[in-house]
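Prediction below, plus the sequence it came from.
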Amino acid sequence: TMEEQSDRSSKRKVVAVVGGGLVGALNACFFAKRGFDVEVFESREDIRQAKVVKGRSINLALSHRGRQALKHVGMEEKIVSKGIPMHARMIHSLSGKQSPIPYGKKGQFILSVDRANLNKELLTEAETYSNTKLNFDHKLQDWNAETGLMTFVRCDGSKQQIEADLIVGCDGAFSAIRKQFLRRSRFNYSQTYIPHGYMELTMPPINGEFAMKPNYLHIWPRNTFMMIALPNLDKTFTCTLFMPFEEFEKITTGDEVIEFFQKYFPDAIPLIGVDALKKDYFRLPGQAMVSVKCSPYHIGNKCVLMGDAAHAVVPFYGQGMNAGFEDCIVLDEIMDKFNDDFSAVLPEYTRVRVPDDHAIADLAMYNYIEMRAHVNSKWFLFRKYVDNFLHLLMPKKIIPLYTMVTFTRTRYHKAVERWHWQDKVINRSLMLSATGAALGGSYLLIKNPPDINKLIIPAEKMWNRLLALRTA
Ligand SMILES: Cc1cc2nc3c(=O)[nH]c(=O)nc-3n(C[C@H](O)[C@H](O)[C@H](O)COP(=O)(O)OP(=O)(O)OC[C@H]3O[C@@H](n4cnc5c(N)ncnc54)[C@H](O)[C@@H]3O)c2cc1C
Ligand SMILES: COc1ccc2c(c1)CN(c1nc(C(=O)N(C)c3cc(Cl)c(F)cc3C(=O)O)c(Cl)s1)C2
């Protein structure tokens, strides 16, 4: 049993990782690499043995933070080689016009990776460590924060009691481990379901080739509605449609689906296919998206929450998994600093990581509200041009927020502070140049006044055009 095991090799502490998803599987590698006895407990069956059901290939954007974590356990190369680089966004306008906006310089790209494959590769890597054991069909039902005793239930209804020196809660947004935290005083918790849902649709290849240019993150920004598409190795795209639940509920027949796409994403209809669209759309209902923030992440020297169990974020920054993977590096660095002493490591992890995970949760929610409010293709293009122009003008001074988030390991809360500071600088310099122009202009006007009426119209037209960008 676990007791015997921990008695026998008393020097080797037992770490129980609850949840064998993306973060749990990666964490198992991190802890095994440090020489702990690692036991992973996953409620589902081993996804590597499930018959290859031609299900939907769900994909995710992997960026710098996540790659650094994979690199730490020697997995970066293996995962990157099976990812598809996306060097730019491809903005689809209502008229079907496609405009690329690069993510940055040549080498700056993000990767579209298959979620199921990533999970399988990480589980297999964890298993290569002799001091790691994977336990599938083990659903955590309850655990005791004082004794560290966990109760798992199997699908045949039997129960198993297991204890460990450290419990790492990686059991996702609806974490059972976190339930115990909720019963304790001074535990802060907030969760927000947003009114939008998401639905995945598949865009098949056309004549064996990608239906659209593959090395792009395709976006159809339509204020209230949005669709994005990421490429897969099998030359399909997985499209994610974001729409308020009340809109999902209005569409009940295949024809209404086509009517809706005709209105908002006309160019996507021939690419997905009318029949496929009518069928795919009713495969599953719109899925909910929740944002969870909590603190502290630990209890004593016994338990720590990581990944979505600690911070579920809305996906409007493509950072959820990247942040959860970065959690693993941060904890590992603190373990080095405090020599694996959990009573010092866990409080320090909460102190260091809570501000950053809360910052990315806020950023993602802010971007959701921003995209929903007034981001259509013109405004998206305009904003990114301004970002990139200012960055070109003052590369050291102005770094676009998404660059700090996606291509650096700048602490998330520092990136937000810098973004606010830069916004002030930009607004001030815009004000300065505007007043400068106004003063200079008015001086010239006084000196030789032109026929003012001829001026008003173009200025007003230009201003209205600018505003129209936001609402068109
Ligand atoms: C639409 C959408 C798009 C996204 N796009 C991106 C993206 O582009 N880039 C990105 O970085 N992130 C993205 N994310 C976020 C990403 O999916 C999550 O952040 C990531 O999956 C979190 O990993 P996790 O291991 O913490 O949790 P999960 O992946 O949810 O894994 C939790 C695991 O715990 C298991 N479990 C649950 N309860 C129990 C229990 N009681 N006992 C035992 N096991 C249990 C589950 O079976 C599961 O295997 C997206 C999310 C959504 C919804
Ligand atoms: C699989 O499901 C999903 C769902 C949502 C996302 C992803 C995968 C991947 N996502 C990325 N977002 C950024 C980003 O920084 N921003 C600000 C953006 C935010 C939105 Cl919402 C958007 F549509 C484009 C960009 C953009 O800049 O391209 C990246 Cl960089 S990658 C969002």
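That came in fine, so what should we check first? Numbers count the residues shown, from 1 in each chain. Ligands and ions are numbered 1, 2, ... in the order given.

Please report the number of neighbouring residues for the residue lying closest to residue 320 once chain neighbours are set aside.
Closest residue to residue 320 apart from its sequence neighbours, by C-beta to C-beta, 6 or more residues apart in numbering: residue 313 at 5.0 Å. In this view, the C-beta of every residue, glycine as well, is placed from N, C-alpha and C. By other C-beta atoms under 10 Å, the residues close to residue 313 number 28.

same thing with residue 105?
Residues lying near residue 105 (other C-beta under 10 Å) number 9.

now it, what's its secondary structure?
Classification of residue 105 by DSSP: H, G, I helix; E, B strand; the rest coil places it in coil.

and it, how far is that from residue 407?
As judged by C-beta to C-beta, to the nearest Å, residue 105 and residue 407 stand 9 Å apart.

And for the closest residue to ligand 2 within the chain, the neighbour number?
At 2.7 Å from ligand 2, residue 318 is the closest residue in the chain, using C-beta to the nearest ligand atom. The burial count assigned to residue 318 is 22, neighbours taken as other C-beta under 10 Å.

That one - nearest residue in space that isn't next to it in sequence?
Spatial nearest neighbour of residue 318, excluding adjacent residues (C-beta to C-beta, 6+ apart): residue 61 at 3.9 Å.

Could you look up the SS state of the one you found?
Strictly by three-state DSSP, residue 61 counts as strand.

Just give me the neighbour total for it.
For residue 61, using other C-beta under 10 Å, the count is 22.

194 is where my numbering starts, stick with that
Okay, using 194 as the starting number, the last item reads as residue 254.

ok, now which ones touch it?
Under the criterion of C-beta atoms under 8 Å, 6 or more residues apart in numbering, the neighbours of residue 254 are 279, 303-306, 410, 423, 511, 515.

so can I have TSV of those showing distance to residue 578, secondary structure and pLDDT?
Formatted as TSV, the contacts of residue 254 follow (distance: C-beta to C-beta, whole Å; DSSP: H, G, I helix; E, B strand; the rest coil; pLDDT from 0 to 100):
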residue	distance to residue 578	secondary structure	pLDDT
279	19	strand	98
303	20	strand	98
304	25	strand	98
305	24	strand	98
306	29	strand	98
410	17	strand	98
423	23	strand	98
511	21	coil	97
515	26	helix	98
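
Let's see if you can find the most crowded of those.
Counting neighbours by other C-beta under 10 Å, residue 303 leads the contacts of residue 254 with 27 neighbours.

Adjacent strands (with direction) for the strand of greatest length in the chain?
Longest strand in the chain, counting residues (DSSP state E): strand 381-396. With DSSP bridges as the test, strand 381-396 is paired with strand 430-437 (antiparallel), strand 480-488 (antiparallel).

Single out the most deeply packed of those.
Most buried of the strands paired with strand 381-396 by mean neighbour count (mean count of other C-beta atoms under 10 Å) is strand 430-437; its value is a mean of 22.

before we move on, back to that, report the separation between the residue nearest to residue 511 and residue 340.
Between residue 254 and residue 340 the distance is 41 Å, computed by C-beta to C-beta.

Specify the beta-bridge partners of residue 419.
Partner residues in beta bridges with residue 419, using DSSP bridges, are residue 414, residue 435.

check contacts around it.
Contacts of residue 419 (C-beta under 8 Å, 6+ apart): 412-413, 434-435, 564-565, 568.

and the stretch 544-665 of the chain, which of its residues are near ligand 2?
With C-beta under 6 Å from any ligand atom as the criterion, the stretch 544-665 of the chain meets ligand 2 at residues 560, 564, 595, 598-599.

Can you give the distance from stretch 587-595 to the centre of its chain?
Remark: stretch 587-595 is offset 22 Å from the chain centroid, using C-alpha atoms, centre = their mean, to the nearest Å.

On the secondary structure side, give me the element for the closest residue to ligand 1 within the stretch 344-493 of the chain.
Of all residues in the stretch 344-493 of the chain, residue 365 sits closest to ligand 1, at 2.9 Å by C-beta to the nearest ligand atom. Using DSSP states H and E, residue 365 sits in no helix or strand.

what pLDDT does the closest residue to it other than its chain neighbours get?
The shortest distance from residue 365 to any non-neighbouring residue, by C-beta to C-beta, 6+ apart, is to residue 501 (4.7 Å). Residue 501 carries a pLDDT score of 98 in this model.

ok, residue 501 - contacts?
214, 216, 365-366, 368, 485, 513, 517 are the contacts of residue 501 under C-beta under 8 Å, 6+ apart.
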